[in-house]
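Engineer: here is my input, please return the structure:
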Amino acid sequence: MNTQVQKAEERRQYYRINDVVMLRYEVLDEDASAPPVESGESGLEVSTGTLLAEIDRELNKAINTIWQDSPVVAQALGLLNRKVSIVAAQALEYEESDVHSYDDTMVSLSGCGIAFEAREALTVGTRLRLSVILKPSQITLSIAGTVIACEERLDSSAMPYWVRVDFDDDLLAQEQLIQHVVQKQGALLSENANRG
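Structural biologist: Below is the predicted model of the structure:
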(Lines give C-alpha, C1' and ligand atoms only; values in the text may rest on other atoms or scores of the structure.)
Protein backbone atom coordinates (compact mmCIF):
# COMPACT_ATOMS: atom_id res chain seq x y z
CA MET A 1 0.00 0.00 0.00
CA ASN A 2 1.23 3.50 -0.83
CA THR A 3 2.74 5.20 2.25
CA GLN A 4 0.76 8.42 1.75
CA VAL A 5 -2.51 6.51 1.36
CA GLN A 6 -1.70 4.51 4.51
CA LYS A 7 -0.92 7.74 6.45
CA ALA A 8 -4.21 9.29 5.27
CA GLU A 9 -6.12 6.21 6.44
CA GLU A 10 -4.32 6.27 9.81
CA ARG A 11 -5.26 9.95 10.27
CA ARG A 12 -8.92 9.08 9.74
CA GLN A 13 -8.69 6.59 12.63
CA TYR A 14 -7.82 9.37 15.12
CA TYR A 15 -10.20 11.92 16.59
CA ARG A 16 -9.05 15.51 16.35
CA ILE A 17 -9.87 18.35 18.75
CA ASN A 18 -9.18 22.06 18.95
CA ASP A 19 -7.48 22.79 22.24
CA VAL A 20 -5.19 25.23 24.00
CA VAL A 21 -1.93 23.64 25.15
CA MET A 22 1.45 24.93 26.27
CA LEU A 23 3.80 24.45 23.33
CA ARG A 24 7.37 25.02 22.36
CA TYR A 25 9.36 23.59 19.49
CA GLU A 26 12.83 23.53 18.08
CA VAL A 27 13.96 22.94 14.54
CA LEU A 28 16.15 19.85 14.26
CA ASP A 29 19.26 19.87 12.08
CA GLU A 30 18.66 18.46 8.63
CA ASP A 31 21.45 15.93 9.14
CA ALA A 32 20.26 14.89 12.57
CA SER A 33 17.14 12.94 13.22
CA ALA A 34 15.29 13.31 16.50
CA PRO A 35 17.61 12.90 19.48
CA PRO A 36 17.79 9.22 20.33
CA VAL A 37 15.65 8.10 23.19
CA GLU A 38 17.60 6.25 25.83
CA SER A 39 16.45 2.71 26.45
CA GLY A 40 13.65 2.52 28.96
CA GLU A 41 12.49 6.06 28.12
CA SER A 42 9.84 7.36 25.82
CA GLY A 43 8.99 10.87 24.70
CA LEU A 44 7.33 11.31 28.08
CA GLU A 45 9.04 13.02 30.96
CA VAL A 46 8.43 11.03 34.11
CA SER A 47 6.75 13.52 36.40
CA THR A 48 3.95 13.74 38.86
CA GLY A 49 1.71 14.71 35.93
CA THR A 50 2.60 11.50 34.10
CA LEU A 51 1.90 9.40 37.15
CA LEU A 52 -1.44 11.14 37.64
CA ALA A 53 -2.27 10.50 33.97
CA GLU A 54 -1.58 6.78 34.44
CA ILE A 55 -3.94 6.69 37.41
CA ASP A 56 -6.45 8.73 35.40
CA ARG A 57 -6.35 6.20 32.57
CA GLU A 58 -7.04 3.30 34.96
CA LEU A 59 -9.87 5.24 36.60
CA ASN A 60 -11.41 6.01 33.20
CA LYS A 61 -11.42 2.28 32.36
CA ALA A 62 -13.25 1.59 35.61
CA ILE A 63 -15.72 4.43 35.00
CA ASN A 64 -16.46 3.10 31.52
CA THR A 65 -17.25 -0.31 33.02
CA ILE A 66 -19.49 1.26 35.70
CA TRP A 67 -21.28 3.31 33.02
CA GLN A 68 -23.01 0.18 31.69
CA ASP A 69 -24.71 -0.54 35.02
CA SER A 70 -25.09 2.92 36.52
CA PRO A 71 -24.68 5.96 34.26
CA VAL A 72 -25.39 8.41 37.10
CA VAL A 73 -22.64 6.97 39.31
CA ALA A 74 -20.23 6.92 36.35
CA GLN A 75 -21.01 10.55 35.54
CA ALA A 76 -20.46 11.54 39.19
CA LEU A 77 -17.11 9.73 39.24
CA GLY A 78 -16.14 11.40 35.95
CA LEU A 79 -16.94 14.85 37.36
CA LEU A 80 -15.03 14.09 40.54
CA ASN A 81 -12.06 12.94 38.46
CA ARG A 82 -12.14 16.19 36.43
CA LYS A 83 -12.25 18.18 39.67
CA VAL A 84 -9.20 16.33 41.02
CA SER A 85 -7.41 16.87 37.68
CA ILE A 86 -7.98 20.62 37.89
CA VAL A 87 -6.67 20.78 41.45
CA ALA A 88 -3.66 18.62 40.48
CA ALA A 89 -2.94 20.84 37.47
CA GLN A 90 -2.86 23.93 39.67
CA ALA A 91 -0.53 22.21 42.13
CA LEU A 92 1.72 21.04 39.30
CA GLU A 93 2.11 24.58 37.93
CA TYR A 94 4.50 25.20 40.78
CA GLU A 95 6.44 22.05 39.91
CA GLU A 96 7.20 23.15 36.33
CA SER A 97 10.43 25.15 36.47
CA ASP A 98 10.71 26.07 32.79
CA VAL A 99 7.00 26.49 32.11
CA HIS A 100 7.59 30.14 31.14
CA SER A 101 9.48 29.05 28.02
CA TYR A 102 6.21 27.62 26.65
CA ASP A 103 3.48 29.58 24.86
CA ASP A 104 -0.24 29.02 25.37
CA THR A 105 -1.13 27.99 21.84
CA MET A 106 -4.34 27.14 20.01
CA VAL A 107 -3.84 23.76 18.32
CA SER A 108 -5.70 21.12 16.39
CA LEU A 109 -4.53 17.89 17.99
CA SER A 110 -4.77 14.17 17.31
CA GLY A 111 -2.75 11.05 17.98
CA CYS A 112 -0.94 11.35 14.64
CA GLY A 113 -0.24 15.06 14.37
CA ILE A 114 -0.73 18.64 15.42
CA ALA A 115 -1.51 21.93 13.73
CA PHE A 116 -0.64 25.12 15.59
CA GLU A 117 -0.42 28.89 15.39
CA ALA A 118 3.12 30.13 14.78
CA ARG A 119 4.99 33.43 14.59
CA GLU A 120 7.27 32.19 11.82
CA ALA A 121 6.84 30.31 8.56
CA LEU A 122 8.29 26.81 8.53
CA THR A 123 9.28 25.05 5.32
CA VAL A 124 7.52 21.81 4.41
CA GLY A 125 9.82 18.93 5.32
CA THR A 126 11.36 20.73 8.31
CA ARG A 127 11.98 18.39 11.24
CA LEU A 128 10.79 19.60 14.66
CA ARG A 129 11.07 18.47 18.26
CA LEU A 130 7.81 19.53 19.94
CA SER A 131 7.30 19.80 23.69
CA VAL A 132 3.63 19.93 24.66
CA ILE A 133 2.09 20.38 28.10
CA LEU A 134 -1.50 19.14 28.04
CA LYS A 135 -4.10 20.90 30.18
CA PRO A 136 -5.37 20.38 32.81
CA SER A 137 -3.31 17.23 33.47
CA GLN A 138 0.04 19.03 32.96
CA ILE A 139 1.41 15.94 31.19
CA THR A 140 4.55 16.92 29.30
CA LEU A 141 5.12 15.20 25.96
CA SER A 142 8.20 15.45 23.79
CA ILE A 143 7.71 14.17 20.26
CA ALA A 144 9.41 14.68 16.90
CA GLY A 145 7.62 15.31 13.65
CA THR A 146 7.81 16.71 10.14
CA VAL A 147 6.14 19.88 8.85
CA ILE A 148 3.66 18.88 6.12
CA ALA A 149 2.08 22.32 5.53
CA CYS A 150 2.47 25.96 6.53
CA GLU A 151 -0.32 28.36 5.61
CA GLU A 152 -0.51 32.11 6.10
CA ARG A 153 -3.44 33.25 8.25
CA LEU A 154 -5.17 36.53 7.52
CA ASP A 155 -6.95 36.76 10.88
CA SER A 156 -3.94 37.16 13.17
CA SER A 157 -0.93 39.41 12.98
CA ALA A 158 0.62 38.05 16.20
CA MET A 159 0.51 34.42 14.98
CA PRO A 160 0.34 34.76 11.19
CA TYR A 161 1.03 31.10 10.29
CA TRP A 162 -0.81 27.80 10.73
CA VAL A 163 1.72 24.94 10.77
CA ARG A 164 0.75 21.27 10.34
CA VAL A 165 3.06 18.55 11.64
CA ASP A 166 2.89 14.75 11.28
CA PHE A 167 4.33 13.00 14.34
CA ASP A 168 6.98 10.32 14.13
CA ASP A 169 5.92 6.97 15.54
CA ASP A 170 6.16 7.20 19.34
CA LEU A 171 3.53 4.84 20.69
CA LEU A 172 3.64 5.97 24.33
CA ALA A 173 3.39 9.68 23.52
CA GLN A 174 0.67 9.02 20.93
CA GLU A 175 -1.29 6.94 23.45
CA GLN A 176 -1.21 9.86 25.90
CA LEU A 177 -2.40 12.22 23.15
CA ILE A 178 -5.24 9.91 22.17
CA GLN A 179 -6.35 9.62 25.82
CA HIS A 180 -6.22 13.41 26.17
CA VAL A 181 -8.31 13.91 23.01
CA VAL A 182 -10.91 11.32 24.11
CA GLN A 183 -11.16 12.84 27.60
CA LYS A 184 -11.60 16.36 26.18
CA GLN A 185 -14.28 15.12 23.79
CA GLY A 186 -16.07 13.38 26.66
CA ALA A 187 -15.96 16.57 28.72
CA LEU A 188 -17.36 18.62 25.81
CA LEU A 189 -20.16 16.11 25.20
CA SER A 190 -21.03 16.15 28.89
CA GLU A 191 -21.09 19.97 28.97
CA ASN A 192 -23.28 20.09 25.84
CA ALA A 193 -25.66 17.48 27.31
CA ASN A 194 -25.95 19.49 30.54
CA ARG A 195 -26.78 22.68 28.59
CA GLY A 196 -29.48 20.96 26.55
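
Engineer: tell me which residues of stretch 21-29 come out buried.
Structural biologist: V21, M22, L23, Y25, L28 (16 or more other CB atoms under 10 Å). Just so you know, the C-beta spots here come from the backbone N, C-alpha and C atoms, and that holds for glycine as well.

Engineer: now stretch 56-73: average pLDDT?
Structural biologist: The average pLDDT within stretch 56-73 is 83.

Engineer: kindly report the same for stretch 127-140.
Structural biologist: 88.

Engineer: what packs against the longest strand along the chain?
Structural biologist: Longest strand in the chain by number of residues (criterion: DSSP state E): strand 140-152. In this structure, strand 140-152 packs against strand 113-118, strand 127-133, strand 161-167, helix 171-195, with contacts taken as 3 or more CB pairs under 8 Å, 6 or more residues apart in numbering; DSSP states H and E.

Engineer: check the offset of that strand from the chain's centre.
Structural biologist: 12 Å (CA atoms, centre = their mean, to the nearest Å).

Engineer: how much does it deviate in direction from helix 171-195?
Structural biologist: In terms of direction (axes from the mean of the first three to the mean of the last three CA atoms, to 10 degrees), strand 140-152 departs from helix 171-195 by 80 degrees.

Engineer: tell me the secondary structure for the residue nearest to R119 when sequence neighbours are not counted?
Structural biologist: The shortest distance from R119 to any non-neighbouring residue, by CB to CB, 6 or more residues apart in numbering, is to M159 (6.1 Å). Here M159 takes the coil state, with states given by DSSP: H, G, I helix; E, B strand; the rest coil.
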